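K.L.:
Fold the following, please.
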Amino acid sequence: MNYDVIVVGAGPAGSTAAKNLAEKGNSVLILDKETFPRDKPCGGGLPTRVQKRFPYIEPFLDSVSYGTTMFSSSLRYRCDLVREKPFLEMVLRKDFDHQLLSLAQEAGASFQGGKSVIDVIVQKDKVSVMLEDGQTLETQMVIGCDGMHSVVAEKTNLAKKLAVLCVSLVQEQPMTPKQLTTFFTKKRLIYLFIKAHGIAGYAWVFPKKNTINIGIGEFQSAISKEKQRIPLKETYEKFITTLKEKKLLPMDFPVENLKGATLPIFPLENTYRDRVVLCGDAAGFINPITGEGIYYAMVSGQLAAKVISDGLKSHDLSYRFLARYQKLWNDDFGKDLKALGRFNNQWGKDSEKIVRLMMRDKKFARLIIGVTGGQISLRKYRTPLILRYVYLSLKNLFRKQEK
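P.N.:
Prediction:
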């Protein structure tokens with residue numbers, strides 16, 4: 001047997017799983033089709049709970065934002081939330097992923113980049129992992145952290161055709177610290193545009209230390225079948241023009257180096273089988289409202305490592321034993337993901353009223369942003385959120401009647 005565990009994919013999920021397994025004395029190999037450091041199309045905004053759960057990432061943060069301005073689709077309404085505590089923490093994915101991988105290697109994991117996995121064959125007492133270069137590696141256990149189009153998931157019959165997706169375009173461009181302070185203040189305030197130019201999704205502007213990250217994401221499930229499809233690049237270009245007109249970007253800001261990404265929205269029904277588990281995007285762990293996935297990637301890697309380490313000790317990596325992993329992630333964040341998923345189709349509906357109410361009531365705004373951003377649990381705060389919405393709607397109705 002070559003290794004106790006082979007991790008396919010060296011992103012945040014894979015590196016976190018490998019680090020935790022190696023720290024427990026297991027022999028671990030991480031494989032990735034890319035060599036590192038490599039870039040990844042992503043906003044790079046981390047909810048503050050990532051650092052709370054994984055304090056060791058603090059040195060890897062590029063910058064911190066202390067608030068947001070959220071615009072409605074018509075731009076008629078805007079909600080400002082500025083705070084003394086961090087609102088969103090920023091990373092550069094090229095650096096962040098490489099730093100997480102380095103931690104896994106320091107813990108004792110081995111890494112081979114530029115290695116594409118083409119097949120995974122599960123047998124009674126081992127798993128054979130076949131590489132594009134002709135190598136076959138043997139291991140007791142495989143963790144699939146190889147993204148949405150996971151080869152591990154496909155070859156082990158865990159994949160399913162995903163009809164619900166988020167398609168995004170993102171651009172990260174250098175800007176001087178002086179420019180960043182001029183446009184986004186020293187607090188590095190972020191901009192969020194709900195249903196920018198009518199898309200079923202949102203656009204973002206994330207200022208960082210020496211760069212600006214701008215992107216737009218559309219949730220395919222929320223697009224009306226009758227609505228004419230407009231190419232996302234066309235909408236992105238209009239969005240950049242709007243930012244310039246509103247003096248939220250320099251007039252000479254270029255549209256270049258655009259990168260696309262496709263994200264899953266809902267977790268797979270089954271994320272494990274004999275000697276195999278899936279983590280991160282490969283398992284469909286993405287916030288279905290915002291598209292954020294780094295928190296769920298790292299937590300799922302951490303949970304998978306715990307279960308697998310116990311399984312290696314007890315010489316049991318069966319389907320029945322690995323069911324513990326599914327229960328752990330479901331209790332940890334899965335129920336919240338499913339609850340948020342019920343609101344995914346709201347991206348296709350009118351959002352003006354919500355932003356107007358947020359503008360008028362900071363408590364409601366904090367609840368909405370906290371729940372949708374994954375900072376607080378929707379299950380725990382659903383009732384206060386609904387009650388606040390009803391209260392504000394009635395208050396608004398009486399105000400109109402008085403007029």
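
K.L.:
And the helix or strand where residue 234 lies, what does it pack against?
P.N.:
For residue 234, the element it lies in under DSSP states H and E is helix 232-245. Counting by 3 or more C-beta pairs under 8 Å, 6 or more residues apart in numbering; DSSP states H and E, the packing neighbours recorded for helix 232-245 are strand 165-174, strand 201-207, strand 211-219. Where you see a C-beta, it was placed from the backbone N, CA and C, and this is true even at glycine.

K.L.:
count of residues packed around residue 354?
P.N.:
20 (other C-beta atoms under 10 Å).

K.L.:
quick revisit: would you mark the buried spots in the helix holding residue 234?
P.N.:
Buried residues in helix 232-245, counted by 16 or more other C-beta atoms under 10 Å: 232, 235, 236, 239, 240, 242, 243.

K.L.:
ok, and what's touching it?
P.N.:
The contact list for helix 232-245 (C-beta atoms under 8 Å, 6 or more residues apart in numbering) reads 75, 167-169, 191, 193, 196-197, 199, 203, 205, 214, 216, 218, 249-251, 253, 255, 258, 260.

K.L.:
returning to that earlier point: Serialize the helices and strands packed on helix 232-245 to a markdown table and add fields for mean pLDDT, distance to residue 281 and mean neighbour count.
P.N.:
Below are the helices and strands packed on helix 232-245 laid out as a markdown table (pLDDT from 0 to 100; distance: least, C-beta to C-beta, whole Å; neighbours: other C-beta atoms under 10 Å):
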| stretch | mean pLDDT | distance to residue 281 | mean neighbour count |
| --- | --- | --- | --- |
| strand 165-174 | 91 | 11 | 19 |
| strand 201-207 | 93 | 18 | 24 |
| strand 211-219 | 93 | 14 | 23 |
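
K.L.:
can I get the ones you listed in a markdown table with distance to residue 319?
P.N.:
Listed next are those as a markdown table, based on distance: least, C-beta to C-beta, whole Å:
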| stretch | distance to residue 319 |
| --- | --- |
| strand 165-174 | 28 |
| strand 201-207 | 37 |
| strand 211-219 | 33 |
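
K.L.:
Out of the ones you listed, which is closest to residue 3?
P.N.:
Among the helices and strands packed on helix 232-245, strand 165-174 comes nearest to residue 3, with 33.3 Å by C-beta to C-beta.

K.L.:
so what does the next helix or strand after the closest one touch, helix or strand wise?
P.N.:
Going down the chain from strand 165-174, the next helix or strand is helix 177-184, by DSSP H and E. With contacts defined as 3+ C-beta pairs under 8 Å, 6+ apart, the packing partners of helix 177-184 are strand 201-207.

K.L.:
Quickly run through the sheet partners of the strand it packs on, with directions.
P.N.:
Using DSSP bridges, strand 201-207 pairs in its sheet with strand 190-194 (antiparallel), strand 211-219 (antiparallel).

K.L.:
tell me the angle the longest one makes with helix 177-184.
P.N.:
Which is strand 211-219. Comparing the axes of strand 211-219 and helix 177-184 via axes from the mean of the first three to the mean of the last three C-alpha atoms, to 10 degrees yields an angle of 40 degrees.

K.L.:
roughly how far out does strand 211-219 sit from the chain middle?
P.N.:
How far strand 211-219 lies from its chain's middle: 13 Å, per C-alpha atoms, centre = their mean, to the nearest Å.

K.L.:
Could you write out the alpha-carbon coordinates of it in PDB?
P.N.:
What follows is strand 211-219, C-alpha atoms only, in PDB (Å, rounded to 0.1, in the frame of the first residue of the first chain):
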ATOM      1  CA  THR A 211      -5.900  44.900  -6.000                       C
ATOM      2  CA  ILE A 212      -9.600  45.200  -6.700                       C
ATOM      3  CA  ASN A 213     -11.800  42.100  -7.300                       C
ATOM      4  CA  ILE A 214     -15.000  42.600  -9.300                       C
ATOM      5  CA  GLY A 215     -17.400  39.900 -10.200                       C
ATOM      6  CA  ILE A 216     -21.000  39.000 -11.200                       C
ATOM      7  CA  GLY A 217     -22.800  35.800 -10.500                       C
ATOM      8  CA  GLU A 218     -26.100  34.500 -11.900                       C
ATOM      9  CA  PHE A 219     -28.100  31.600 -10.400                       C
END
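
K.L.:
which residues of the stretch 51-200 of the chain score low on pLDDT?
P.N.:
When residues are selected by pLDDT under 70, those of the stretch 51-200 of the chain lie in 161-164.

K.L.:
Out of the helices and strands packed on helix 232-245, which is closest to residue 313?
P.N.:
Closest among the helices and strands packed on helix 232-245, using C-beta to C-beta: strand 165-174, at 38.7 Å.

K.L.:
Tell me which other helices or strands the closest one touches.
P.N.:
Looks like strand 165-174 contacts strand 211-219, helix 232-245, strand 259-264 (3+ C-beta pairs under 8 Å, 6+ apart).

K.L.:
Identify the bridge partners of residue 203.
P.N.:
Residue 203 forms beta bridges with residue 193, residue 216, as assigned by DSSP bridges.

K.L.:
distance of it from residue 245?
P.N.:
In this view, residue 203 and residue 245 are 14 Å apart by C-beta to C-beta, to the nearest Å.

K.L.:
what's the helix or strand for the residue nearest to residue 53 when sequence neighbours are not counted?
P.N.:
Counting by C-beta to C-beta, 6 or more residues apart in numbering, residue 53 lies nearest to residue 299, which is 6.8 Å off, once chain neighbours are set aside. Secondary structure assignment for residue 299, by DSSP H and E: helix 294-313.

K.L.:
got a list of what residue 388 touches?
P.N.:
361, 363, 364, 367.

K.L.:
Is residue 217 in contact with residue 201, as I believe?
P.N.:
Yes: with contact defined as C-beta atoms under 8 Å, residue 217 counts as touching residue 201 (4.6 Å).

K.L.:
joint contacts of these two?
P.N.:
Joint contacts of residue 217 and residue 201 (C-beta under 8 Å, 6+ apart) are residue 166.

K.L.:
hang on, the earlier thing: now the buried members of the contacts of residue 388.
P.N.:
Looking at the contacts of residue 388 with 16+ other C-beta under 10 Å, the buried ones turn out to be 361, 364, 367.

K.L.:
ok, back up a step: now the helix holding residue 234: average pLDDT?
P.N.:
Computed over helix 232-245, the mean pLDDT rounds to 94.
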